[in-house]
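A.B. asks: Sequence and predicted model, in that order:
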Amino acid sequence: MTGRAALAALLAATAACGARTALNDQAWEPAALYCSDALLAGRPGRDLALVAGVPRALRGRARWAVVASPPGSTATVQSDGGERATFRADREGAYTVRVSAEAPADGDAGDAGPAAELSCELTVQIRAAGPVAACPAELTVAPLQPVTLLGRSAGDRPVRSVAWSVDGAPAGSARRPPEPTDAATTRFTPDIAGDHRLRFRVVDDDGASDECVTVVHAVPREGLRVELSWDPPGRSCPDRPGAACDDSDVDLHLLRGGGSPVWGSGGNRSESDCYFANCTAGGLRWGDPASTDDDPRLDIDDVTGHGPENINILRPSAPYYRVGVHYYASDGAGPQAATLTIYCNGPTPVARLGPVTVTARTTPEANDLWIAADIVPLAGGGCRVAPIARGGQPWIATISEAMRSPAPPAP
Ligand SMILES: [Ca+2]
Ligand SMILES: [Ca+2]
């Protein structure tokens, strides 16, 4: 066990049982002041033992102070300047305790500059009854990158259950919860860019509960990212099997501009169109043959309803790209309202397009293709999105018409 893990375990044990436990001086010597992020939970008007990592050279010189507390509360922290302190507060809420010390100056006292101030902070939750839940306030990952979440709980009663759920998600997300939902440690994969709010709930064997929220920021890292979802949301069959779901299969297409680009379909593959038939992992080679950075990648082809699907290019190099949305198969579902979100090298969408209704008829070739927009990469990493319209309306064609007839002019 590492020193940090050992201290975290000690702190967690101390917080959970309310008893002091001695640090083993021989086992671990921190290099600097260290405050664990372990959950520290106490009751109003009762002593709570706190522990921080204090280097031996600083023991006796550490200052413990309550630096943030709920309005109207009274809180004290008592210490002999070492690594342990006793905290007591009179009201429920979150308190911050700062541990600080001046680092000893190097070399002769006369030659050294001002001593460095070291500090770290502990957060204490005081509740009158029931358990206390804690979870990371926020995390940042890339879309589709799994992240492990650890929810924690403390209290004087055994925990009966814990549960993770989706509290909020960007529009177009399928809102799939972390897996598993009933364990403190879980994994979550944000399906699209944006902020996903996850709730962690703890219930003790008295039925008392507490909750906390983790915000997972899913930030795109590609030079171009196009996301597609289609309505009605939350009715995809993997999430809601049975009568309420539909299996509509809408497809995202990205055409490489320049030359004579051609839309592809199931029976007519086109190397200038990135779509389900040719563009999943290891698919198309565009631009520089020596680099995969300018190749497109379709991460997900959702065939059971509502997306999201997305196509990415790390470093776009074509003069422009054209986005299409094709209603491949309805499987008995009716028209679908498609929405596109486009990112260029940043966490904020450059454009949201739609919802635009697409209709399925008899065959994929006879079904609607929404020719939605052109995306022009700009020097410096951004892009310009030019929506495509015909007669003031979204440009809708069947895919066989689109393959035959003159395309909208290049931007
Ligand atoms: Ca699809
Ligand atoms: Ca390439």
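C.D. replies: Thanks, I have the structure now. Ligands and ions are numbered 1, 2, ... in the order given.
A.B. asks: isn't there a helix covering residue 402?
C.D. replies: Yes. Assigned with DSSP: H, G, I helix; E, B strand; the rest coil, residue 402 falls within a helix.
A.B. asks: Which strand or helix spans the spatially closest residue to residue 132 that is not a sequence neighbour?
C.D. replies: Ranked by Cβ to Cβ, 6 or more residues apart in numbering and with sequence neighbours excluded, the top spatial neighbour of residue 132 is residue 41, at 3.9 Å. Where you see a C-beta, it was placed from the backbone N, CA and C, and this is true even at glycine. Taking DSSP states H and E as the definition, residue 41 sits inside strand 40-42.
A.B. asks: neighbouring strands for the next helix or strand after that strand, and are they parallel or not?
C.D. replies: Counting by DSSP H and E, the next helix or strand C-terminal to strand 40-42 is strand 48-51. Using DSSP bridges, strand 48-51 pairs in its sheet with strand 84-89 (antiparallel).
A.B. asks: who touches the strand it pairs with?
C.D. replies: Contact with strand 84-89 is made by 20, 23, 42, 44-52, 64, 66, 69, 73-79, 95, 97, 99, 124, 126, as judged by Cβ atoms under 8 Å, 6 or more residues apart in numbering.
A.B. asks: can you give me the helices in the stretch 251-400 of the chain?
C.D. replies: Ranges of helices in the stretch 251-400 of the chain, per DSSP state H, counting those that start in this stretch, are 399-404.
A.B. asks: what residues are up against the residue in it positioned nearest to ligand 1?
C.D. replies: Closest to ligand 1 within the stretch 251-400 of the chain is residue 251: 4.3 Å, counting by Cβ to the ion. Counting by Cβ under 8 Å, 6+ apart, residue 251 touches 275-276, 301, 309, 325-328.
A.B. asks: For residue 288, see how far away it is.
C.D. replies: 27 Å (Cβ to Cβ, to the nearest Å).
A.B. asks: Please apply the same query to residue 42.
C.D. replies: 60 Å.
A.B. asks: More neighbours: which of those two?
C.D. replies: Each of residue 42 and residue 288 has its neighbours counted (other Cβ atoms under 10 Å); residue 42 has more, 23 against 12.
A.B. asks: Apart from its neighbours in sequence, what residue is nearest residue 320?
C.D. replies: Using Cβ to Cβ, 6+ apart, the closest residue to residue 320 is residue 257 (3.6 Å).
A.B. asks: center of this structure - which residue?
C.D. replies: Centroid check for the chain by Cα atoms, centre = their mean gives residue 216 as the closest residue, at 2.9 Å.
A.B. asks: re the thing from before, any figure for the gap between the residue of the stretch 251-400 of the chain closest to ligand 1 and ligand 2?
C.D. replies: Separation of residue 251 from ligand 2 (Cβ to the ion, to the nearest Å): 23 Å.
A.B. asks: and what of residue 257?
C.D. replies: 15 Å.
A.B. asks: Show me which residues of stretch 390-405 are buried.
C.D. replies: Across stretch 390-405, burial judged by 16 or more other Cβ atoms under 10 Å covers 394-400, 402-403.
A.B. asks: Just the closest of those to residue 377, please.
C.D. replies: residue 395 (21.5 Å; Cβ to Cβ).
A.B. asks: so where's this protein uncertain?
C.D. replies: Scanning the chain with the threshold set as pLDDT under 70 gives 1-31, 104-115, 232-245, 303-307.
A.B. asks: residues in it within reach of ligand 1, list them.
C.D. replies: When proximity is defined by Cβ under 5 Å from the ion, the chain lies next to ligand 1 at 249, 251, 301-302.
A.B. asks: Return the closest of the residues you listed with respect to residue 156.
C.D. replies: Using Cβ to Cβ, the residues of the chain next to ligand 1 come closest to residue 156 at residue 302, 46.7 Å.
A.B. asks: and that closest one, how many neighbours does it have?
C.D. replies: Counted with other Cβ under 10 Å, residue 302 comes out at 23.
A.B. asks: Kindly report the same for residue 173.
C.D. replies: 24.
A.B. asks: which residues touch it?
C.D. replies: Residue 173 neighbours (Cβ under 8 Å, 6+ apart): 190-192, 194, 196, 229, 308.
A.B. asks: now do residue 66
C.D. replies: 75-77, 87, 89, 95-98.
A.B. asks: quick one on the thing from earlier: wait, the residue nearest to residue 132 sits on residue 128?
C.D. replies: No. Counting by Cβ atoms under 8 Å, residue 41 stays clear of residue 128, with 11.5 Å between them.
A.B. asks: Which one's more surrounded, those two?
C.D. replies: residue 41 (23 against 9).
A.B. asks: contacting residues for the more buried one?
C.D. replies: Contacts of residue 41 by Cβ under 8 Å, 6+ apart are 15, 124-127, 131-132, 154-155.
A.B. asks: and whatever residue of the stretch 301-411 of the chain ends up closest to ligand 2, how many neighbours does it have?
C.D. replies: At 7.6 Å from ligand 2, residue 317 is the closest residue in the stretch 301-411 of the chain, using Cβ to the ion. A count of neighbours around residue 317, defined by other Cβ under 10 Å, yields 16.
A.B. asks: Since that was my last question, I'll sign off now.
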